[in-house]
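Curious how this folds, go ahead:
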Amino acid sequence: MKSLYLAIVLAPLIGSVIAGLFGRKIGRAGAHWVTITGVAVAFACSAYAALQVFSGAWPTFNEGIYTWAVSDSFKFEVGFLVDRLTALMMVVVTFVSLMVHIYTIGYMRDDPGYQRFFCYISLFTFSMLMLVMSNNFLQLFFGWEAVGLVSYLLIGFWFKRESAIYANLKAFLVNRVGDFGFLLGIALVLHYFNSLDYADVFAAAPLLKDMTINISGGTEWSLMTVICILLFIGAMGKSAQVPLHVWLPDSMEGPTPISALIHAATMVTAGIFMVARMSPLYELSEVALSVVMIIGAVTAFFMGLLGIIQNDIKRVVAYSTLSQLGYMTVALGASAYAAGIFHLMTHAFFKALLFLAAGSVIVAMHHEQDIRRMGGLKKYMPITYWTFLIGTLALIGFPGLSGFFSKDSIIEAVRLSSIPGAGFAYLLVLAGVFVTAFYSFRLFFIVFHGKPRFDAHTAEHLRESPPVITVPLILLAIPSVFIGAVTFEPLLFGEFFRGVIFVAPEHDVLAAMGEGIHGMMGFLLHGLLGPAFWLAIAGLFAAWYIYMQRPQIAAATKERFAWLYRLLDRKYGFDDFNEVVFADGSRKLGTFLWKVTDLKIIDGVLVNGTAKLVAASAARLRHLQTGYLYHYAFSIIIGVAVILTLALI
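The predicted structure is shown next:
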């Protein structure tokens, strides 16, 4: 088993190293073949391991692989924990990554950085696998930072663009804020548990349930609450939760394949996975669960609203990612960890599908991304059209598709939750269903239906994308349709996560939900009778009516509610606040410190002041050097007299 698990993480790394160091020698074909082979090996091994783990043929693997350092009683090591949660994540990450690698051959075929791109995305896959397979906080942090580093490189892949440099720097800095909290949480774990190993920490956690710590003043804080909230701050950065969400829409500056990989299966899902893995800690703090739920609900609804006004095809899909990450976070806060992971899995397939289908449109439109210059693409791009439709229906939770089972389970879990803030969260996630359906089908109708709004030259060359692009779309569309129906019972109501995810009996909303739902047909019927389905249909119909039948309504609404449009267009002022307070504030602070500390104190006093003091002293002392012998003889006589006087006294 150990050799197989090593092969899973090392195969993409080897492919990345070869493509990165020897890309010029092996050429473009060599670069994509070596990285695709590495990821394909990782996927095949992950699928085999998952089958063995799911069937119970292989026990949970939890062993150290390499001891990095030993300090006093602390051991820092690389180790793997492969249970059902890990196996599920391994399959999702490697499958989506494999589809993205294949798709990249077509999308990036004319890019001069072809080999470099394959090196980066293969390294991204390795980093995420190290994260999800970790059995200790040290390796978790390594994977955490590695995906952040590679995302920085990929978002700024076209580094000659000012917008790309701005976007990757923004992503890097925002994630440093989250990672600072994450690192503090790990430090508290090490300090109070004397271990970084998951098994040791989870076993000792109930013993420290009631422990309090003093942070400042005379207020005592629950240790578990502080640890969980600090760890969640890290998740807020990686999984783009308000207010650390601002980097994700700008990540669209990277090529479309990396947008799919970041949004579907790697970086942004890291925070969701981490909180689910830490369920034995979060279940000991209802305050932390409440914070997680409320932040997720706010993200799900208010970030979805921003998707309504976007005209860049990739940005609309990006804001849908923000909203769906909010749904996953709400599930975690409701202690429905299994539902959050379930939605993570289904979302990975249909979100990768939507991004890659959007990329197919962009390639066909000669890299035009403004949906106002599209329209009527259905007859030109039938495969892209139908796969995009499947992804959109899955996203809005249309009955029978994968997103229906995962999203409806989250909404129902929140309705049944007793965690403080659950009522508020339920209203927001329910309203978010309408918003999601509205902006998703607004995008779909504007791009693929109505009159063409592109020029004659584009129309003359417009055609379906080549098979290297459309085949991954078809392969992603299949699980987007079926994976939810096949897996929802064991994942939500079965024994799949028993012993892997811990839920306190008083928080077990999925068990309460399972009592009233029997089988797939029962879940479908329950969903059809619930408000979420009708809100989704209402959003779909509203988008069709406004953008296909009465487009003047959209223009009139924009004019009448100009203040609301400006608020949404300015993204609620988050970017303005960050620009004024953090960016400008940091620049002004730096300028102040440079002028006062550097110029006046360091240069003025220490460096130049010392030089002036030496020069002034030398100017006076050199008068003692007259060059006359009798002056020196007289000085010697005076000196001897002083010494003798002092000696005799």
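
now this structure, which segments are flagged as low pLDDT?
Where the chain drops to pLDDT under 70, the residues are 580-584, 586, 621, 623-624, 630-631, 649.

center of it, which residue is that?
Against the mean C-alpha coordinate of the chain, by Cα atoms, centre = their mean, the closest residue is residue 268 at 2.2 Å.

wouldn't that residue be in contact with residue 248 here?
Yes - in this structure, residue 268 is within contact of residue 248 by Cβ atoms under 8 Å, at 6.9 Å. From N, CA and C alone the C-beta is placed, and that goes for glycine too.

what touches both of these two?
Common neighbours of residue 268 and residue 248 are listed as 240, 321 (criterion: Cβ atoms under 8 Å, 6 or more residues apart in numbering).

Partner strands of the biggest strand by length in the chain and their direction?
Scanning the chain for the longest strand, with DSSP state E as the assignment, gives strand 61-71. Strand 61-71 sits in its sheet next to strand 74-82 (antiparallel), going by DSSP bridges.

Put the alpha carbons of the partner strand into CSV.
Only the C-alpha atoms of strand 74-82 are listed here, as CSV (Å, rounded to 0.1, in the frame of the first residue of the first chain):
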residue,chain,number,x,y,z
PHE,A,74,8.4,16.7,19.0
LYS,A,75,8.6,14.8,15.8
PHE,A,76,8.1,16.5,12.4
GLU,A,77,7.4,14.1,9.6
VAL,A,78,5.8,13.4,6.3
GLY,A,79,3.1,10.9,6.6
PHE,A,80,-0.1,9.6,4.9
LEU,A,81,-3.6,9.1,6.2
VAL,A,82,-5.7,7.3,3.6
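
before we move on, the earlier item: do you know how far the residue nearest to the centre of the chain is from residue 289?
For residue 268, the distance to residue 289 equals 21 Å [Cβ to Cβ, to the nearest Å].

Residue 370 too?
42 Å.

Neighbour count: the two, which is higher?
Taking neighbours as other Cβ atoms under 10 Å, residue 370 and residue 289 compare with residue 289 leading, 27 against 11.

Tell me the secondary structure at that one.
Recorded secondary structure, residue 289: helix (DSSP: H, G, I helix; E, B strand; the rest coil).

wait, doesn't it sit right on residue 331?
No - taking contacts as Cβ under 8 Å, residue 289 lies outside contact range of residue 331: 11.0 Å.

Please state the offset of stretch 300-320 from the chain centre?
16 Å (Cα atoms, centre = their mean, to the nearest Å).

Show the end-to-end separation of it, please.
Using Cα to Cα, to the nearest Å, one end of stretch 300-320 lies 9 Å from the other.

try stretch 150-163
By Cα to Cα, the extent of stretch 150-163 from end to end equals 18 Å.

As a check, name the ranges of all helices in the stretch 1-150 of the chain.
Here the stretch 1-150 of the chain has its helices, by DSSP state H, counting those that start in this stretch, at 2-21, 23-55, 84-107, 114-132, 137-155.

so what does the last one touch, helix or strand wise?
Helices and strands touching helix 137-155, by 3 or more Cβ pairs under 8 Å, 6 or more residues apart in numbering; DSSP states H and E, are strand 74-82, helix 114-132, helix 162-193, helix 223-238, helix 256-264, helix 267-277.

Let me know the angle separating the fifth one from helix 137-155.
This points to helix 256-264. Counting by axes from the mean of the first three to the mean of the last three Cα atoms, to 10 degrees, helix 256-264 lies at 150 degrees to helix 137-155.

Restricting to C-alpha, output helix 256-264 in PDB.
Output of helix 256-264 as PDB, limited to C-alpha atoms (Å, rounded to 0.1, in the frame of the first residue of the first chain):
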ATOM      1  CA  THR A 256      -8.900  28.900 -18.500                       C
ATOM      2  CA  PRO A 257      -7.600  25.400 -17.700                       C
ATOM      3  CA  ILE A 258      -6.100  26.700 -14.500                       C
ATOM      4  CA  SER A 259      -9.300  28.500 -13.600                       C
ATOM      5  CA  ALA A 260     -11.000  25.100 -13.900                       C
ATOM      6  CA  LEU A 261      -8.400  23.400 -11.800                       C
ATOM      7  CA  ILE A 262      -8.300  26.000  -9.000                       C
ATOM      8  CA  HIS A 263     -12.100  26.300  -8.800                       C
ATOM      9  CA  ALA A 264     -13.000  22.700  -9.200                       C
END
